[in-house]
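Visitor: Sequence unavailable; structure follows:
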(Lines give C-alpha, C1' and ligand atoms only; values in the text may rest on other atoms or scores of the structure.)
Protein backbone atom coordinates (compact mmCIF):
# COMPACT_ATOMS: atom_id res chain seq x y z
CA UNK A 1 0.00 0.00 0.00
CA UNK A 2 1.18 3.51 -0.89
CA UNK A 3 0.77 5.05 2.55
CA UNK A 4 1.95 8.62 3.06
CA UNK A 5 4.05 10.05 5.90
CA UNK A 6 5.00 13.66 6.62
CA UNK A 7 8.60 14.48 7.52
CA UNK A 8 11.38 16.95 6.76
CA UNK A 9 13.64 16.90 3.71
CA UNK A 10 16.87 17.62 5.60
CA UNK A 11 19.09 18.29 2.59
CA UNK A 12 16.96 21.11 1.15
CA UNK A 13 16.23 22.69 4.53
CA UNK A 14 19.89 22.55 5.55
CA UNK A 15 21.08 24.18 2.31
CA UNK A 16 18.41 26.90 2.55
CA UNK A 17 19.31 27.62 6.16
CA UNK A 18 23.04 27.86 5.34
CA UNK A 19 22.34 29.89 2.16
CA UNK A 20 24.35 27.37 0.11
CA UNK A 21 22.07 27.38 -2.95
CA UNK A 22 23.19 26.11 -6.36
CA UNK A 23 21.73 28.83 -8.54
CA UNK A 24 21.50 28.85 -12.34
CA UNK A 25 24.69 30.95 -12.68
CA UNK A 26 26.76 28.18 -11.07
CA UNK A 27 26.10 25.88 -14.04
CA UNK A 28 28.10 28.25 -16.35
CA UNK A 29 25.48 28.13 -19.12
CA UNK A 30 25.32 24.30 -19.16
CA UNK A 31 21.95 22.52 -18.92
CA UNK A 32 21.68 20.83 -15.46
CA UNK A 33 20.57 17.60 -17.14
CA UNK A 34 17.51 15.71 -18.37
CA UNK A 35 15.13 13.26 -16.66
CA UNK A 36 13.06 10.46 -18.22
CA UNK A 37 9.83 10.46 -16.18
CA UNK A 38 6.11 9.59 -16.26
CA UNK A 39 3.32 11.02 -14.04
CA UNK A 40 -0.20 9.55 -13.86
CA UNK A 41 -3.13 9.97 -11.42
CA UNK A 42 -5.64 7.13 -11.51
CA UNK A 43 -8.03 5.55 -8.97
CA UNK A 44 -6.97 7.91 -6.18
CA UNK A 45 -3.23 7.19 -6.54
CA UNK A 46 -0.48 9.35 -8.06
CA UNK A 47 2.15 7.15 -9.74
CA UNK A 48 5.60 8.61 -10.57
CA UNK A 49 8.14 6.49 -12.45
CA UNK A 50 11.76 7.64 -12.69
CA UNK A 51 13.32 5.79 -15.58
CA UNK A 52 16.73 7.46 -15.83
CA UNK A 53 18.66 10.72 -15.98
CA UNK A 54 21.40 11.80 -18.38
CA UNK A 55 24.01 14.49 -18.89
CA UNK A 56 23.99 15.68 -15.27
CA UNK A 57 26.13 18.81 -14.91
CA UNK A 58 28.50 17.57 -12.21
CA UNK A 59 31.84 15.90 -11.62
CA UNK A 60 32.35 12.32 -12.73
CA UNK A 61 33.32 11.31 -9.19
CA UNK A 62 29.92 12.22 -7.74
CA UNK A 63 27.54 9.52 -6.50
CA UNK A 64 23.99 10.38 -7.63
CA UNK A 65 20.61 9.41 -6.16
CA UNK A 66 17.10 10.98 -6.36
CA UNK A 67 14.48 12.05 -3.80
CA UNK A 68 10.79 11.97 -4.82
CA UNK A 69 8.14 13.64 -2.61
CA UNK A 70 5.12 15.98 -2.59
CA UNK A 71 5.54 19.57 -1.39
CA UNK A 72 2.61 21.44 0.15
CA UNK A 73 1.96 25.15 -0.04
CA UNK A 74 2.93 25.44 3.65
CA UNK A 75 6.37 23.89 2.96
CA UNK A 76 5.55 20.46 4.42
CA UNK A 77 6.95 17.39 2.65
CA UNK A 78 5.02 14.13 2.11
CA UNK A 79 6.82 10.86 1.34
CA UNK A 80 5.70 7.33 0.54
CA UNK A 81 6.22 5.18 3.63
CA UNK A 82 9.41 3.14 3.25
CA UNK A 83 10.08 4.48 -0.26
CA UNK A 84 11.66 7.95 -0.07
CA UNK A 85 14.51 7.79 -2.58
CA UNK A 86 16.26 5.69 -5.20
CA UNK A 87 19.46 3.73 -4.72
CA UNK A 88 22.84 5.47 -5.05
CA UNK A 89 24.81 5.08 -8.29
CA UNK A 90 28.55 5.52 -7.66
CA UNK A 91 30.47 7.84 -10.02
CA UNK A 92 27.60 7.95 -12.53
CA UNK A 93 26.24 11.07 -14.31
CA UNK A 94 23.69 9.00 -16.28
CA UNK A 95 22.02 7.01 -13.46
CA UNK A 96 19.43 4.36 -14.54
CA UNK A 97 16.99 4.84 -11.65
CA UNK A 98 14.18 2.47 -12.77
CA UNK A 99 12.23 3.34 -9.61
CA UNK A 100 8.48 3.84 -9.01
CA UNK A 101 6.84 6.02 -6.33
CA UNK A 102 3.13 5.95 -5.37
CA UNK A 103 1.16 8.54 -3.38
CA UNK A 104 -2.40 7.53 -2.44
CA UNK A 105 -4.37 10.75 -1.85
CA UNK A 106 -7.69 12.29 -2.84
CA UNK A 107 -7.81 14.53 -5.87
CA UNK A 108 -8.36 17.65 -3.76
CA UNK A 109 -5.25 16.89 -1.68
CA UNK A 110 -3.15 16.15 -4.78
CA UNK A 111 -4.26 19.39 -6.51
CA UNK A 112 -2.96 21.45 -3.56
CA UNK A 113 0.59 20.06 -3.77
CA UNK A 114 3.60 19.98 -6.09
CA UNK A 115 5.69 17.00 -7.23
CA UNK A 116 9.42 17.35 -6.43
CA UNK A 117 12.22 15.21 -7.86
CA UNK A 118 15.69 16.26 -6.64
CA UNK A 119 18.99 14.58 -7.56
CA UNK A 120 21.81 14.80 -4.99
CA UNK A 121 25.45 13.74 -4.64
CA UNK A 122 25.87 11.44 -1.64
CA UNK A 123 28.73 12.54 0.64
CA UNK A 124 29.66 10.48 3.67
CA UNK A 125 31.78 13.16 5.36
CA UNK A 126 29.42 16.18 5.05
CA UNK A 127 25.97 17.22 3.87
CA UNK A 128 24.96 15.99 0.39
CA UNK A 129 25.40 18.38 -2.58
CA UNK A 130 22.57 19.40 -4.94
CA UNK A 131 22.99 18.33 -8.59
CA UNK A 132 19.68 18.96 -10.40
CA UNK A 133 15.91 18.53 -10.07
CA UNK A 134 12.42 19.72 -10.90
CA UNK A 135 9.24 20.90 -9.17
CA UNK A 136 5.91 20.35 -10.92
CA UNK A 137 2.49 21.73 -9.88
CA UNK A 138 -0.23 19.06 -9.62
CA UNK A 139 -3.12 21.53 -9.73
CA UNK A 140 -4.44 20.06 -13.00
CA UNK A 141 -2.95 16.56 -12.82
CA UNK A 142 -6.29 15.02 -13.85
CA UNK A 143 -6.04 16.87 -17.17
CA UNK A 144 -2.52 15.67 -18.13
CA UNK A 145 -2.59 14.54 -21.78
CA UNK A 146 0.89 12.88 -21.80
CA UNK A 147 1.01 10.14 -19.18
CA UNK A 148 3.73 7.95 -20.67
CA UNK A 149 7.51 8.39 -20.32
CA UNK A 150 8.93 11.64 -21.67
CA UNK A 151 12.14 13.64 -21.30
CA UNK A 152 12.04 16.71 -19.05
CA UNK A 153 14.76 19.35 -18.61
CA UNK A 154 16.09 19.51 -15.02
CA UNK A 155 16.35 22.81 -13.17
CA UNK A 156 18.64 24.60 -10.73
CA UNK A 157 18.02 24.93 -7.00
CA UNK A 158 15.56 27.51 -5.63
CA UNK A 159 16.10 29.74 -2.59
CA UNK A 160 13.95 27.44 -0.45
CA UNK A 161 16.38 24.54 -1.09
CA UNK A 162 13.96 22.68 -3.38
CA UNK A 163 14.35 22.56 -7.20
CA UNK A 164 12.98 25.37 -9.38
CA UNK A 165 9.47 24.89 -10.82
CA UNK A 166 8.69 23.99 -14.45
CA UNK A 167 5.44 24.51 -16.40
CA UNK A 168 3.20 21.44 -16.28
CA UNK A 169 1.13 22.65 -19.22
CA UNK A 170 4.12 22.85 -21.57
CA UNK A 171 5.45 19.42 -20.56
CA UNK A 172 2.31 17.28 -20.10
CA UNK A 173 -0.11 19.10 -22.44
CA UNK A 174 -2.88 20.22 -20.09
CA UNK A 175 -6.21 21.03 -21.77
CA UNK A 176 -8.46 22.68 -19.18
CA UNK A 177 -12.10 21.68 -19.26
CA UNK A 178 -11.55 18.59 -21.39
CA UNK A 179 -12.65 15.26 -19.99
CA UNK A 180 -11.63 11.88 -21.06
CA UNK A 181 -14.04 8.93 -21.27
CA UNK A 182 -13.45 7.84 -17.70
CA UNK A 183 -13.97 11.36 -16.29
CA UNK A 184 -17.18 11.75 -18.26
CA UNK A 185 -18.41 8.41 -16.96
CA UNK A 186 -17.70 9.43 -13.33
CA UNK A 187 -19.56 12.73 -13.71
CA UNK A 188 -22.51 10.98 -15.41
CA UNK A 189 -22.81 8.48 -12.53
CA UNK A 190 -22.79 11.34 -10.02
CA UNK A 191 -25.56 13.19 -11.88
CA UNK A 192 -27.68 10.05 -12.08
CA UNK A 193 -27.37 9.52 -8.28
CA UNK A 194 -28.42 13.12 -7.61
CA UNK A 195 -31.41 12.84 -9.93
CA UNK A 196 -32.56 9.64 -8.22
CA UNK A 197 -32.36 11.23 -4.74
CA UNK A 198 -34.28 14.29 -5.96
CA UNK A 199 -37.01 12.12 -7.48
CA UNK A 200 -37.42 10.21 -4.19
CA UNK A 201 -37.71 13.49 -2.30
CA UNK A 202 -40.49 14.73 -4.60
CA UNK A 203 -42.30 11.43 -4.21
CA UNK A 204 -42.24 11.66 -0.41
CA UNK A 205 -43.44 15.27 -0.54
CA UNK A 206 -46.37 14.31 -2.71
CA UNK A 207 -47.46 11.60 -0.24
CA UNK A 208 -47.69 14.05 2.69
CA UNK A 209 -50.64 16.51 3.28
CA UNK A 210 -49.91 20.13 2.58
CA UNK A 211 -51.71 21.36 5.77
CA UNK A 212 -52.61 19.82 9.22
CA UNK A 213 -56.34 20.01 10.05
CA UNK A 214 -56.74 17.65 13.05
CA UNK A 215 -55.35 17.96 16.57
CA UNK A 216 -54.20 14.87 18.39
CA UNK A 217 -53.60 14.67 22.16
CA UNK A 218 -50.27 13.18 23.06
CA UNK A 219 -51.33 12.34 26.63
CA UNK A 220 -53.58 9.32 27.28
CA UNK A 221 -56.67 9.98 29.42
CA UNK A 222 -55.47 7.85 32.44
CA UNK A 223 -51.85 9.04 32.45
CA UNK A 224 -52.37 11.09 35.65
CA UNK A 225 -53.54 8.03 37.59
CA UNK A 226 -50.62 5.95 36.30
CA UNK A 227 -48.18 8.67 37.33
CA UNK A 228 -49.74 8.84 40.83
CA UNK A 229 -49.44 5.07 41.25
CA UNK A 230 -45.84 5.14 40.06
CA UNK A 231 -45.05 7.98 42.49
CA UNK A 232 -46.63 6.04 45.40
CA UNK A 233 -44.65 2.94 44.47
CA UNK A 234 -41.45 4.92 44.30
CA UNK A 235 -42.22 6.55 47.66
CA UNK A 236 -42.63 3.10 49.20
CA UNK A 237 -39.33 2.06 47.64
CA UNK A 238 -37.68 5.18 49.05
CA UNK A 239 -39.16 4.51 52.51
CA UNK A 240 -37.93 0.93 52.47
CA UNK A 241 -34.52 2.16 51.26
CA UNK A 242 -34.35 4.67 54.10
CA UNK A 243 -35.21 2.00 56.68
CA UNK A 244 -32.54 -0.25 55.22
CA UNK A 245 -30.12 2.68 55.22
CA UNK A 246 -30.83 3.29 58.92
CA UNK A 247 -30.23 -0.37 59.65
CA UNK A 248 -27.02 -0.36 57.64
CA UNK A 249 -25.84 2.76 59.42
CA UNK A 250 -26.49 1.09 62.77
CA UNK A 251 -24.50 -1.93 61.58
CA UNK A 252 -21.80 0.43 60.36
CA UNK A 253 -21.59 2.07 63.81
CA UNK A 254 -21.31 -1.36 65.43
CA UNK A 255 -18.56 -2.26 62.99
CA UNK A 256 -16.76 1.00 63.73
CA UNK A 257 -16.89 0.22 67.46
CA UNK A 258 -15.61 -3.28 66.81
CA UNK A 259 -12.93 -1.88 64.52
CA UNK A 260 -11.78 0.55 67.22
CA UNK A 261 -11.59 -2.31 69.70
CA UNK A 262 -9.63 -4.43 67.22
CA UNK A 263 -7.29 -1.51 66.49
CA UNK A 264 -6.62 -1.15 70.20
CA UNK A 265 -6.00 -4.89 70.43
CA UNK A 266 -3.73 -4.67 67.41
CA UNK A 267 -1.72 -1.82 68.96
CA UNK A 268 -1.40 -3.75 72.20
CA UNK A 269 -0.33 -6.85 70.28
CA UNK A 270 2.27 -4.81 68.42
CA UNK A 271 3.66 -3.56 71.72
CA UNK A 272 3.70 -7.13 73.06
CA UNK A 273 5.42 -8.27 69.88
CA UNK A 274 8.12 -5.61 70.26
CA UNK A 275 8.69 -6.70 73.87
CA UNK A 276 8.88 -10.32 72.73
CA UNK A 277 11.40 -9.36 70.06
CA UNK A 278 13.49 -7.50 72.63
CA UNK A 279 13.37 -10.56 74.92
CA UNK A 280 14.30 -12.80 72.01
CA UNK A 281 17.19 -10.51 71.13
CA UNK A 282 18.45 -10.68 74.74
CA UNK A 283 18.17 -14.47 74.71
CA UNK A 284 20.15 -14.63 71.48
CA UNK A 285 22.86 -12.47 73.02
CA UNK A 286 22.97 -14.72 76.07
CA UNK A 287 23.15 -17.76 73.84
CA UNK A 288 26.06 -16.24 71.92
CA UNK A 289 27.86 -15.42 75.19
CA UNK A 290 27.39 -18.98 76.42
CA UNK A 291 28.70 -20.29 73.12
CA UNK A 292 31.79 -18.12 73.53
CA UNK A 293 32.22 -19.43 77.08
CA UNK A 294 32.01 -23.04 75.86
CA UNK A 295 34.66 -22.28 73.26
CA UNK A 296 36.75 -20.67 76.01
CA UNK A 297 36.42 -23.83 78.09
CA UNK A 298 37.67 -25.92 75.19
CA UNK A 299 40.60 -23.55 74.88
CA UNK A 300 41.27 -23.89 78.63
CA UNK A 301 41.30 -27.68 78.32
CA UNK A 302 43.90 -27.39 75.57
CA UNK A 303 46.06 -25.14 77.79
CA UNK A 304 45.80 -27.67 80.65
CA UNK A 305 46.92 -30.40 78.26
CA UNK A 306 49.92 -28.29 77.23
CA UNK A 307 50.78 -27.67 80.90
CA UNK A 308 50.62 -31.42 81.53
CA UNK A 309 53.06 -31.94 78.66
CA UNK A 310 55.40 -29.35 80.20
CA UNK A 311 55.23 -31.03 83.63
CA UNK A 312 55.94 -34.44 82.05
CA UNK A 313 58.91 -32.95 80.18
CA UNK A 314 60.29 -31.42 83.40
CA UNK A 315 59.93 -34.70 85.24
CA UNK A 316 61.81 -36.57 82.53
CA UNK A 317 64.54 -33.91 82.49
CA UNK A 318 65.00 -34.08 86.28
CA UNK A 319 64.94 -37.89 86.41
CA UNK A 320 67.28 -38.53 83.50
CA UNK A 321 69.55 -35.43 83.78
CA UNK A 322 69.53 -34.76 80.07
CA UNK A 323 71.74 -32.05 78.70
CA UNK A 324 69.37 -30.95 75.98
CA UNK A 325 65.95 -29.57 76.39
CA UNK A 326 63.10 -30.68 74.19
CA UNK A 327 61.42 -27.58 72.86
CA UNK A 328 57.80 -27.08 73.55
CA UNK A 329 55.84 -25.60 70.68
CA UNK A 330 54.11 -22.29 70.78
CA UNK A 331 50.59 -22.13 72.00
CA UNK A 332 48.57 -21.19 68.97
CA UNK A 333 45.35 -19.32 69.36
CA UNK A 334 42.42 -21.24 68.07
CA UNK A 335 40.00 -19.78 65.61
CA UNK A 336 36.85 -19.00 67.51
CA UNK A 337 33.53 -20.00 66.13
CA UNK A 338 31.20 -17.06 65.79
CA UNK A 339 27.65 -18.19 66.48
CA UNK A 340 24.87 -17.22 64.18
CA UNK A 341 22.46 -14.64 65.58
CA UNK A 342 19.66 -15.19 63.08
CA UNK A 343 16.23 -14.63 64.59
CA UNK A 344 12.89 -16.23 63.91
CA UNK A 345 11.73 -16.16 60.32
CA UNK A 346 8.91 -13.57 60.35
CA UNK A 347 8.05 -13.63 56.63
CA UNK A 348 7.87 -10.57 54.52
CA UNK A 349 7.04 -8.26 57.50
CA UNK A 350 8.03 -4.65 57.70
CA UNK A 351 10.41 -5.44 60.61
CA UNK A 352 12.67 -7.58 58.41
CA UNK A 353 14.98 -4.76 57.33
CA UNK A 354 15.29 -3.37 60.86
CA UNK A 355 16.03 -6.83 62.14
CA UNK A 356 18.84 -7.30 59.58
CA UNK A 357 20.39 -3.98 60.59
CA UNK A 358 20.29 -4.98 64.29
CA UNK A 359 21.81 -8.36 63.43
CA UNK A 360 24.66 -6.73 61.48
CA UNK A 361 25.31 -4.30 64.32
CA UNK A 362 25.36 -7.20 66.83
CA UNK A 363 27.80 -9.15 64.65
CA UNK A 364 30.13 -6.17 64.36
CA UNK A 365 30.03 -5.56 68.13
CA UNK A 366 30.62 -9.25 68.79
CA UNK A 367 33.60 -9.36 66.40
CA UNK A 368 35.08 -6.23 67.98
CA UNK A 369 34.81 -7.71 71.47
CA UNK A 370 36.26 -10.99 70.30
CA UNK A 371 39.19 -9.17 68.72
CA UNK A 372 39.84 -7.31 72.01
CA UNK A 373 39.64 -10.57 73.98
CA UNK A 374 41.94 -12.35 71.54
CA UNK A 375 44.46 -9.52 71.69
CA UNK A 376 44.43 -9.61 75.48
CA UNK A 377 44.88 -13.40 75.50
CA UNK A 378 47.66 -13.12 72.91
CA UNK A 379 49.57 -10.65 75.05
CA UNK A 380 49.11 -12.80 78.17
CA UNK A 381 50.33 -15.93 76.39
CA UNK A 382 53.21 -14.01 74.88
CA UNK A 383 54.36 -12.88 78.34
CA UNK A 384 54.02 -16.40 79.71
CA UNK A 385 55.93 -17.76 76.75
CA UNK A 386 58.73 -15.22 77.25
CA UNK A 387 58.94 -16.15 80.97
CA UNK A 388 59.02 -19.81 80.03
CA UNK A 389 61.84 -19.23 77.52
CA UNK A 390 63.82 -17.21 80.07
CA UNK A 391 63.41 -20.01 82.60
CA UNK A 392 64.61 -22.55 80.03
CA UNK A 393 67.59 -20.35 79.22
CA UNK A 394 68.48 -20.01 82.91
CA UNK A 395 68.19 -23.76 83.42
CA UNK A 396 70.29 -24.42 80.34
CA UNK A 397 72.99 -21.99 81.54
CA UNK A 398 73.02 -23.65 84.93
CA UNK A 399 73.27 -27.13 83.38
CA UNK A 400 76.14 -26.03 81.15
CA UNK A 401 77.90 -24.49 84.15
CA UNK A 402 77.48 -27.78 86.05
CA UNK A 403 78.96 -29.78 83.22
CA UNK A 404 81.84 -27.37 82.93
CA UNK A 405 82.56 -27.82 86.67
CA UNK A 406 82.36 -31.61 86.31
CA UNK A 407 84.75 -31.57 83.37
CA UNK A 408 87.09 -29.28 85.22
CA UNK A 409 87.05 -31.60 88.28
CA UNK A 410 87.69 -34.62 86.07
CA UNK A 411 90.71 -32.93 84.66
CA UNK A 412 92.21 -32.74 88.18
CA UNK A 413 94.47 -35.78 88.77
CA UNK A 414 95.10 -35.19 92.44
CA UNK A 415 93.93 -37.31 95.36
CA UNK A 416 91.46 -34.63 96.43
CA UNK A 417 89.24 -35.14 93.34
CA UNK A 418 86.51 -37.05 95.24
CA UNK A 419 86.37 -34.50 98.02
CA UNK A 420 86.02 -31.72 95.49
CA UNK A 421 83.12 -33.51 93.79
CA UNK A 422 81.36 -34.03 97.13
CA UNK A 423 81.80 -30.34 97.96
CA UNK A 424 80.43 -29.43 94.56
CA UNK A 425 77.35 -31.63 95.14
CA UNK A 426 76.71 -30.01 98.53
CA UNK A 427 77.01 -26.52 97.08
CA UNK A 428 74.53 -27.34 94.27
CA UNK A 429 71.78 -28.55 96.67
CA UNK A 430 70.24 -31.03 94.25
CA UNK A 431 67.87 -32.52 96.81
CA UNK A 432 66.44 -29.09 97.65
CA UNK A 433 65.79 -28.38 93.99
CA UNK A 434 64.12 -31.80 93.55
CA UNK A 435 61.78 -31.07 96.48
CA UNK A 436 60.91 -27.67 95.01
CA UNK A 437 60.05 -29.27 91.67
CA UNK A 438 57.87 -31.92 93.39
CA UNK A 439 56.07 -29.12 95.27
CA UNK A 440 55.44 -27.33 91.97
CA UNK A 441 54.06 -30.54 90.46
CA UNK A 442 51.65 -31.02 93.39
CA UNK A 443 50.49 -27.39 93.04
CA UNK A 444 49.84 -27.88 89.33
CA UNK A 445 47.86 -31.07 90.07
CA UNK A 446 45.66 -29.25 92.59
CA UNK A 447 45.07 -26.36 90.18
CA UNK A 448 44.18 -28.76 87.39
CA UNK A 449 41.64 -30.53 89.65
CA UNK A 450 39.98 -27.23 90.65
CA UNK A 451 39.80 -26.13 87.01
CA UNK A 452 38.21 -29.44 85.98
CA UNK A 453 35.62 -29.02 88.76
CA UNK A 454 34.78 -25.54 87.51
CA UNK A 455 34.50 -26.85 83.96
CA UNK A 456 32.02 -29.50 85.02
CA UNK A 457 29.87 -26.94 86.88
CA UNK A 458 29.90 -24.54 83.94
CA UNK A 459 28.95 -27.32 81.55
CA UNK A 460 25.91 -28.32 83.63
CA UNK A 461 24.88 -24.68 84.04
CA UNK A 462 25.20 -24.09 80.30
CA UNK A 463 23.06 -27.12 79.45
CA UNK A 464 20.32 -26.01 81.86
CA UNK A 465 20.31 -22.51 80.38
CA UNK A 466 20.08 -23.92 76.87
CA UNK A 467 17.00 -25.95 77.87
CA UNK A 468 15.31 -22.84 79.30
CA UNK A 469 16.23 -20.84 76.20
CA UNK A 470 14.67 -23.45 73.91
CA UNK A 471 11.47 -23.39 75.94
CA UNK A 472 11.30 -19.56 75.83
CA UNK A 473 11.90 -19.54 72.08
CA UNK A 474 9.13 -22.08 71.43
CA UNK A 475 6.69 -20.06 73.54
CA UNK A 476 7.52 -16.85 71.65
CA UNK A 477 7.09 -18.59 68.29
CA UNK A 478 3.63 -19.84 69.33
CA UNK A 479 2.63 -16.32 70.39
CA UNK A 480 3.74 -14.92 67.03
CA UNK A 481 1.74 -17.56 65.16
CA UNK A 482 -1.40 -16.70 67.18
CA UNK A 483 -0.92 -12.96 66.53
CA UNK A 484 -0.54 -13.48 62.78
CA UNK A 485 -3.69 -15.64 62.69
CA UNK A 486 -5.64 -12.90 64.54
CA UNK A 487 -4.38 -10.22 62.15
CA UNK A 488 -5.35 -12.25 59.07
CA UNK A 489 -8.87 -12.97 60.35
CA UNK A 490 -9.40 -9.32 61.33
CA UNK A 491 -8.26 -7.98 57.96
CA UNK A 492 -10.46 -10.40 56.00
CA UNK A 493 -13.59 -9.63 58.07
CA UNK A 494 -13.09 -5.87 57.87
CA UNK A 495 -12.52 -5.92 54.10
CA UNK A 496 -15.72 -7.84 53.27
CA UNK A 497 -18.13 -5.89 55.48
CA UNK A 498 -16.73 -2.48 54.65
CA UNK A 499 -16.97 -3.06 50.89
CA UNK A 500 -20.56 -4.33 51.11
CA UNK A 501 -21.71 -1.25 53.06
CA UNK A 502 -19.93 1.18 50.69
CA UNK A 503 -21.44 -0.48 47.57
CA UNK A 504 -24.95 -0.43 49.05
CA UNK A 505 -24.60 3.27 50.06
CA UNK A 506 -23.48 4.15 46.52
CA UNK A 507 -26.47 2.36 44.91
CA UNK A 508 -28.96 3.87 47.38
CA UNK A 509 -27.63 7.39 46.76
CA UNK A 510 -27.92 6.91 42.99
CA UNK A 511 -31.56 5.73 43.32
CA UNK A 512 -32.49 8.69 45.55
CA UNK A 513 -31.00 11.16 43.05
CA UNK A 514 -32.90 9.57 40.16
CA UNK A 515 -36.23 9.69 42.03
CA UNK A 516 -35.69 13.29 43.07
CA UNK A 517 -35.02 14.22 39.44
CA UNK A 518 -38.28 12.56 38.29
CA UNK A 519 -40.41 14.20 41.04
CA UNK A 520 -39.28 17.73 40.13
CA UNK A 521 -40.29 17.50 36.47
CA UNK A 522 -43.09 19.88 35.32
CA UNK A 523 -46.09 18.19 33.71
CA UNK A 524 -48.04 19.99 30.97
CA UNK A 525 -51.03 18.90 28.96
CA UNK A 526 -51.77 20.16 25.40
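Guide: Arrived safely, thanks for sending. Predicted, not measured: the structure shown is a model, and the values here were computed from it.

Visitor: which intervals of the stretch 201-350 of the chain have sub-threshold pLDDT?
Guide: The model of the stretch 201-350 of the chain has pLDDT under 70 over residues 210-223, 293-294, 296-297, 300, 318-350.

Visitor: tally of neighbours for residue 66?
Guide: Neighbours of residue 66 under the rule other C-beta atoms under 10 Å: 24. For the C-beta atoms, the positions are set from N, CA and C on the backbone; glycine is no exception.

Visitor: and if you look at residue 140?
Guide: Neighbours around residue 140, by other C-beta under 10 Å: 14.

Visitor: Number the residues from 720 up from this point.
Guide: OK, 720 is where the count begins now, so the last one is residue 859.

Visitor: Next up, the contacts around the closest residue to it other than its chain neighbours.
Guide: Of all residues not flanking residue 859 in the chain, residue 893 sits nearest, at 4.9 Å (C-beta to C-beta, 6 or more residues apart in numbering). Neighbour list for residue 893: 859, 862, 863, 864, 887 [criterion: C-beta atoms under 8 Å, 6 or more residues apart in numbering].

Visitor: Could you look up the SS state of residue 893?
Guide: Assigned by DSSP: H, G, I helix; E, B strand; the rest coil, the conformation of residue 893 is coil.

Visitor: Wasn't residue 858 part of a helix?
Guide: No. Counting by three-state DSSP, residue 858 is not part of a helix but coil.

Visitor: dump the residue contacts of the residue nearest to it when sequence neighbours are not counted.
Guide: Nearest-residue entry for residue 858: residue 830, 5.2 Å, with adjacent residues in sequence omitted and distances by C-beta to C-beta, 6+ apart. By C-beta under 8 Å, 6+ apart, residue 830 lies in contact with 857, 858, 859, 860.

Visitor: Make a PyMOL selection of the buried ones in the residues you listed.
Guide: Selection of buried members from the contacts of residue 830 for PyMOL, criterion 16 or more other C-beta atoms under 10 Å:
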select buried, resi 857+860
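
Visitor: and residue 794, that one's in a helix?
Guide: No. Judged by three-state DSSP, residue 794 forms no part of a helix; its state is coil.

Visitor: Now it. Its backbone dihedrals?
Guide: phi 90, psi 0 (degrees, to the nearest 10).

Visitor: Surely it is in contact with residue 881?
Guide: No. With contact defined as C-beta atoms under 8 Å, residue 794 and residue 881 do not form a contacting pair (9.0 Å).

Visitor: Compare those two (neighbour count), which wins?
Guide: Neighbours per residue (other C-beta under 10 Å) separate residue 794 from residue 881, with residue 881 holding more: 27 against 13.

Visitor: now the closest residue in space to the more buried one that isn't next to it in sequence: how far from residue 1098?
Guide: Leaving aside its sequence neighbours, residue 881 sits nearest to residue 731 (C-beta to C-beta, 6+ apart; 5.1 Å). Distance of residue 731 to residue 1098, given as C-beta to C-beta, to the nearest Å: 87 Å.

Visitor: Comparing these two, which shows the higher neighbour count?
Guide: residue 731 (26 against 10).

Visitor: which SSE is that one in?
Guide: helix 729-737 (DSSP states H and E).

Visitor: Over to residue 798?
Guide: strand 796-799.

Visitor: what is the rounded mean pLDDT of that strand?
Guide: Across strand 796-799, pLDDT averages out at 93.

Visitor: Report pLDDT for the nearest residue to residue 743 once chain neighbours are set aside.
Guide: Distances taken as C-beta to C-beta, 6+ apart place residue 875 nearest to residue 743, at 4.3 Å, with adjacent residues excluded. According to the prediction, residue 875 has pLDDT 91.

Visitor: how much space between residue 875 and residue 747?
Guide: Residue 875 is 12 Å from residue 747, by C-beta to C-beta.

Visitor: Comparing the two, which shows the higher neighbour count?
Guide: residue 875 (18 against 7).

Visitor: and the more buried one, what does it touch?
Guide: 741, 742, 743, 745, 746, 751, 851, 882, 883.

Visitor: Surely the first one is in contact with residue 876?
Guide: I take that to be residue 741. Yes. Assessed by C-beta under 8 Å, residue 741 is found in contact with residue 876 at 4.4 Å.

Visitor: all helices for the stretch 820-969 of the chain, in order.
Guide: Under the criterion DSSP state H, counting those that start in this stretch, the stretch 820-969 of the chain contains helices at 826-830, 887-891, 900-926, 942-1039.
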